[in-house]
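Peer 1: Predicted model follows, preceded by the sequence.
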Amino acid sequence: MPELPEVEVVRRGLVNWVRGRTITGVDVVDPRSVRRHALGPEDFAGNLEGAKVLDVVRRGKFLWMPLQEDGVPRGSTGSGHSALPGVALMAHLGMSGQLLMQDSSVPDEKHLKVRLRLSPEGAMPDQLRFVDQRIFGGLFVTTLVPTDDGGPGGIAEDPVPVIAEEASHIARDPLDPHFSFDTFYRRLRKRKTGLKRALLDQGLVSGIGNIYADEALWRAKLHYARPTDTLRRADAERLLAAARDVMDDALAAGGTSFDSLYVNVNGASGYFERSLNAYGREGEECRRCAAAGIVSIMRREQFMNRSSYTCPVCQPRPRNGRW
C-alpha cells in the first residue's frame with residue numbers, strides 16, 4: 001500500500017498536468033474500478049464530462065480533485081468566485097493503482113481501467129489513465145464537506161476549507177501546515193497504548209504507515225512499545241520531527257517504492273528504500289551504533305500482523321511497554 005510520501009509524489013506530479021483542464025470524455029474500461037461510485041459507470045462518467053479540475057488535494061493517503069462546471073464549482077450552493085466546490089473526483093490507489101499521464105498515441109496499458117480525456121494544453125499529454133493490476137483501488141465522485149476546524153481540507157495549491165467526505169474522519173498529517181502539535185500531544189497522552197499503535201491510528205495523526213513509523217521511531221531513538229500516557233513532551237516533539245524528516249527525505253527520493261507496481265504520475269519509481277535505516281534490516285548492523293563504534297544487530301518482531309524493526313541498543317525495550 002502506498003504511504004503518504006508516495007501519494008504526495010503523485011499529487012505534486014498530477015497537479016502540474018491536470019489543474020485547470022476540462023475533462024472532455026471518460027472511458028470506463030473496467031467497471032470494477034468505479035465500483036465505489038454507487039450509481040454506476042454511466043453516472044460516474046456523466047458527473048465528470050465537462051467538469052474542470054480545480055486542484056489536486058491530499059490529506060493523509062487520501063487524494064481528490066475538486067471539480068468546477070460553467071465557472072461555478074460543481075456541487076456548490078453558492079455562486080461566483082467565492083463559491084466552494086461541492087464535489088470531487090476521489091482516487092484510491094489501493095495496492096497497485098497508478099495515475100499516468102499519456103498521449104492518445106500511446107497504446108493502452110495492459111491493466112488500464114479508466115481513461116479521462118483532457119482539454120488541450122500546449123504540449124501536455126491529453127489523457128489521464130488509471131491503471132491497476134490488482135484492482136484494489138478505484139475512482140469515484142464524492143461530496144466535499146466543511147472541515148471540522150475551519151482550516152483547509154488538506155495539502156493543495158489553493159487550499160479551501162472543504163474535505164472529501166471519506167477523509168473527514170482522519171486527522172491532519174505531520175506535513176500539513178495546519179497540523180497542531182498541542183492537539184496531537186494532548187490526545188496522545190489520553191491513549192493508553194504503545195507508541196507505534198498510536199502512530200498508526202489515523203484518527204490521531206494521518207499518513208504514517210508501518211514503514212515510516214519504524215523509520216521515525218529509529219531516528220527518535222524510541223521503542224515502538226513505549227507507553228503513550230507517560231511520554232514526555234520533548235520525546236513526542238522529537239518523534240514528530242523525525243517523522244517529518246523521514247517523509248521529507250522520502251519525498252525528495254520519490255517514495256519508498258517497495259512494490260514494483262508503484263510509480264508516480266510520470267511512470268518513474270522512487271528510490272528511498274536504499275536509505276532506510278530500520279525497516280527490512282533484520283540481521284544487519286544498526287548504522288547509528290556502527291558509526292559510534294558499537295556493534296548492534298537490528299531485530300524484527302511481530303507487531304499487529306506486521307513486523308517492527310528496532311535496534312536493541314539505541315531503542316531499548318521499555319520496562320512497562322504496551323505491546
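Peer 2: That came in fine, so what should we check first?

Peer 1: how about the strands in the stretch 101-250 of the chain?
Peer 2: Taking DSSP state E, counting those that start in this stretch as the criterion, the stretch 101-250 of the chain carries its strands at 112-118, 127-132, 138-146, 162-164.

Peer 1: Now render those strands as JSON lines, adding mean pLDDT.
Peer 2: Conversion of those to JSON lines gives the following (pLDDT from 0 to 100):
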{"stretch": "strand 112-118", "mean pLDDT": "98"}
{"stretch": "strand 127-132", "mean pLDDT": "95"}
{"stretch": "strand 138-146", "mean pLDDT": "97"}
{"stretch": "strand 162-164", "mean pLDDT": "97"}
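
Peer 1: Would you format these as JSON lines with distance to residue 102 and mean neighbour count included?
Peer 2: (C-beta placed from N, C-alpha, C; glycine too.) Putting the strands of the stretch 101-250 of the chain into JSON lines (distance: least, Cβ to Cβ, whole Å; neighbours: other Cβ atoms under 10 Å) gives the following:
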{"stretch": "strand 112-118", "distance to residue 102": "9", "mean neighbour count": "21"}
{"stretch": "strand 127-132", "distance to residue 102": "5", "mean neighbour count": "23"}
{"stretch": "strand 138-146", "distance to residue 102": "16", "mean neighbour count": "20"}
{"stretch": "strand 162-164", "distance to residue 102": "25", "mean neighbour count": "24"}
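
Peer 1: With distance to residue 285 as added columns, please give those strands in JSON lines.
Peer 2: As requested, the strands of the stretch 101-250 of the chain are exported to JSON lines (distance: least, Cβ to Cβ, whole Å):
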{"stretch": "strand 112-118", "distance to residue 285": "44"}
{"stretch": "strand 127-132", "distance to residue 285": "39"}
{"stretch": "strand 138-146", "distance to residue 285": "42"}
{"stretch": "strand 162-164", "distance to residue 285": "44"}
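
Peer 1: Indicate which one of those strands is closest to residue 203.
Peer 2: Among those, the nearest to residue 203 by Cβ to Cβ is strand 162-164 (14.4 Å).

Peer 1: what lines up beside that closest one in the sheet?
Peer 2: With DSSP bridges as the test, strand 162-164 is paired with strand 138-146 (antiparallel).

Peer 1: and the closest residue in space to residue 178 that isn't next to it in sequence, how far is that from residue 180?
Peer 2: The shortest distance from residue 178 to any non-neighbouring residue, by Cβ to Cβ, 6 or more residues apart in numbering, is to residue 151 (4.3 Å). For residue 151, the distance to residue 180 equals 9 Å [Cβ to Cβ, to the nearest Å].

Peer 1: out of these two, which sits in the busier spot?
Peer 2: More crowded of residue 151 and residue 180, by other Cβ atoms under 10 Å: residue 151, with 17 against 14.

Peer 1: State the pLDDT value of that one.
Peer 2: With respect to pLDDT, residue 151 has a value of 95.

Peer 1: do residue 99 as well
Peer 2: You'll see residue 99 listed with a pLDDT of 92.

Peer 1: which residues touch it?
Peer 2: Shown in contact with residue 99 (Cβ atoms under 8 Å, 6 or more residues apart in numbering): 10, 14, 91, 93, 128-130, 265.

Peer 1: Could you say which helix or strand holds residue 68?
Peer 2: strand 62-69 (DSSP states H and E).

Peer 1: which other helices and strands contact that strand?
Peer 2: Packing contacts for strand 62-69, counted by 3 or more Cβ pairs under 8 Å, 6 or more residues apart in numbering; DSSP states H and E, involve helix 4-18, strand 52-53, strand 57-59, strand 87-92, strand 138-146, strand 162-164.
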